[in-house]
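Asker: next come a sequence and a model predicted from it.
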Amino acid sequence: MRKFKFSTLTILLIFIIVFAVAGTPVGASADGKEVYIGGIPAGFTLGLGGAQVVGICEVLTVDGAKCPAKEAEIYVGDIILTLNGVTIESAKDLDTVLAKEKKTEYTVEIQRDGEEMTKEIKPAKDITSGKRKLGVLVRDSVSGIGTVTYIEKDTLRFGSLGHPVMGENGAAMKVAGGKIYNCSIVNVVKGIRGKAGELKGVFLNDTHIATAEKNCDCGIFGQFKKGYDFSRFKCAKTAAVGDTHPGKASIFTTIDGITPKEYSVSIVKVDKNNKQNKNFVIKITDDTLLNQTGGIVQGMSGSPIIQDGKLIGAVTHVFLNDPTRGYGISVDNMFGN
């Protein structure tokens, strides 16, 4: 959740990853679109379509320490898709296959940087547990807290975060669907120069309010469920990218509980040609927000930015050496994804 001197300042994405859609068609314009203004905190749980390797470890055997994954050239960030033809979606699936099929060598299908490949791996028997292991630590999903930017009134399509959830390789993580839950902010860690602050929140229940379908450079996109109560949301039209200008603006964000509030900001600089998530630099000017958060903090990614009564975009990053400043993405770029 955070970070520009335009060339030298350190910047930081402001989505909180705890462990860690089809939008409007590419090329669509956001100009004049009727939307519900977001600002609500949301809990995101995104599936990975397999078991992602997050660690490589040794297995202690009767012959000493061995690391089957290392020997098979399996690396952190790889996603295990199948083991001996059996679909793998979790660590439990790996254990099940290894327990049922006691072979000396297995064929494992992995995905690395979007490319699928096959490896041969020889499991090692752990002398402590007696289980056969591959020497990998895996996860099957990522979870985090961020902010919903907008929901289209006619379709209930939503956009959020304004930047991707990143994988270990520094690129947008490929996800296999996901769910969005109501979330409540319970604490704020204030940001200071050199150290980003953070919104701490909790998922409120087990019933999801929306589905996530796409994670890309411009955010997470998906579909809200029909029947969701939008009566507490304000409405606005979206602005064309050319309408944004330096000057006064405001953001809607939630720093306590579930209800967004409006805070004053200033648009410092506009880059209309940036095609990703850094279309303008914003500065927090609201004394209340500065006193409580120190500026932009993790968890505020996706907070909608309003100027001249229109939605112009969302907060995406904070500058680590000046937490009162950060980047914003244009709503045009979000709708284009």
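Answerer: Thanks, I have it. Please read these numbers as outputs of a predicted model, since none were measured by experiment. Residues are numbered from 1 along each chain as shown.
Asker: so the protein: which segments form each domain?
Answerer: By the assignment in automatic domain parsing, the chain contains the domains 11-47+141-335, 58-134.
Asker: Serialize these to JSON lines and add fields for mean pLDDT.
Answerer: Shown next, in JSON lines, are the domains of the chain (pLDDT from 0 to 100):
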{"stretch": "domain 11-47+141-335", "mean pLDDT": "88"}
{"stretch": "domain 58-134", "mean pLDDT": "92"}
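Asker: out of these, which one sits most buried?
Answerer: domain 11-47+141-335 (a mean of 20; mean count of other Cβ atoms under 10 Å). In this view, the C-beta of every residue, glycine as well, is placed from N, C-alpha and C.
Asker: F319 is in contact with R325, correct?
Answerer: Yes: with contact defined as Cβ atoms under 8 Å, R325 counts as touching F319 (4.7 Å).
Asker: and the helices in the stretch 51-200 of the chain?
Answerer: Ranges of helices in the stretch 51-200 of the chain, per DSSP state H, counting those that start in this stretch, are 68-71, 91-100.
Asker: turn the ones you listed into JSON lines, columns for distance to I37.
Answerer: Converted to JSON lines, the helices of the stretch 51-200 of the chain look like this (distance: least, Cβ to Cβ, whole Å):
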{"stretch": "helix 68-71", "distance to I37": "47"}
{"stretch": "helix 91-100", "distance to I37": "40"}
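Asker: out of those helices, nearest to G114?
Answerer: With Cβ to Cβ as the criterion, G114 lies closest to helix 68-71 of those, at 20.3 Å.
Asker: where do the strands of the stretch 101-250 of the chain begin and end?
Answerer: Ranges of strands in the stretch 101-250 of the chain, per DSSP state E, counting those that start in this stretch, are 106-112, 115-121, 124-125, 132-133, 136-152, 157-160, 178-189, 198-216, 219-224, 235-238, 247-253.
Asker: nearest to K100, of those?
Answerer: Of all the strands of the stretch 101-250 of the chain, strand 132-133 comes closest under Cβ to Cβ, at 10.6 Å.
Asker: elements contacting the closest one?
Answerer: Contact partners of strand 132-133 among helices and strands, from 3 or more Cβ pairs under 8 Å, 6 or more residues apart in numbering; DSSP states H and E: helix 91-100, strand 124-125.
Asker: chain center to that strand: distance?
Answerer: The chain centroid and the centroid of strand 132-133 are separated by 32 Å under Cα atoms, centre = their mean, to the nearest Å.
Asker: hang on, the earlier thing: for L94, find the nearest of the strands of the stretch 101-250 of the chain.
Answerer: strand 136-152 (6.9 Å).
Asker: each with direction, which strands does that closest one pair with?
Answerer: Using DSSP bridges, strand 136-152 pairs in its sheet with strand 16-17 (antiparallel), strand 34-37 (antiparallel), strand 41-56 (antiparallel), strand 157-160 (antiparallel).
Asker: who's in contact with the last one?
Answerer: To tie it back to what came earlier, the one meant is strand 157-160. Here strand 157-160 makes contact (Cβ atoms under 8 Å, 6 or more residues apart in numbering) with 21, 23-24, 38, 42, 44, 146-152, 180, 210, 218-224, 301-302, 314, 331, 334-335, 337.
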